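>>> Got a predicted structure here, sequence first:
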Amino acid sequence: MSRFEAAQDDPETLSSLGFAISMNSLKVSASTLVVDVVRQCMVICGLAAYRMDTPYSLGRHLRDSMGASLMVNNDRIMGNNAQMLLVHRGE
């Protein structure tokens, strides 16, 4: 977040390959970690996390957290990052 705040008024930085690679990596990391957090919460809550009729139900949270990596597929982002890194390394 601090990197974006530092760059938000600098169009050249915002459009750089290095910044795009960083933001893509942040999205992949966050969308992966949120699934892990929800899974750990489900372990803590136990069977109640799987039931739909309890206040501890986490089924929807798990579904929503998995959507973050599926809507804009993490594999595609990592592939794009690999291509951008090849170009960026040559600069």
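In hand now; what should we look at?
>>> Please list all residues in contact with residue 32.
In this structure, residue 32 makes contact with 69, 74, judged by CB atoms under 8 Å, 6 or more residues apart in numbering. Every C-beta, even on glycine, is put in place using the N, C-alpha and C of the backbone.
>>> Please identify the buried residues of the helix or strand hosting it?
Using DSSP states H and E, the element containing residue 32 is helix 17-45. Within helix 17-45, the residues scored as buried using 16 or more other CB atoms under 10 Å are 19, 21, 23, 24, 28, 31, 34, 35, 38, 42, 45.
>>> what about that helix, distance to the chain center?
What separates the centre of helix 17-45 from the centre of its chain is 4 Å, taken as CA atoms, centre = their mean, to the nearest Å.
>>> JSON lines for the buried residues of helix 17-45, including pLDDT?
Supplementary listing: the buried residues of helix 17-45 in JSON lines, determined by pLDDT from 0 to 100:
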{"residue": "19", "pLDDT": "89"}
{"residue": "21", "pLDDT": "93"}
{"residue": "23", "pLDDT": "90"}
{"residue": "24", "pLDDT": "93"}
{"residue": "28", "pLDDT": "94"}
{"residue": "31", "pLDDT": "93"}
{"residue": "34", "pLDDT": "95"}
{"residue": "35", "pLDDT": "95"}
{"residue": "38", "pLDDT": "96"}
{"residue": "42", "pLDDT": "95"}
{"residue": "45", "pLDDT": "93"}
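>>> in this protein, what secondary structure element scores lowest on mean pLDDT?
Among the secondary structure pieces of the chain, namely its helices and strands, helix 2-7 has the lowest mean (mean pLDDT, DSSP states H and E), a mean of 79.
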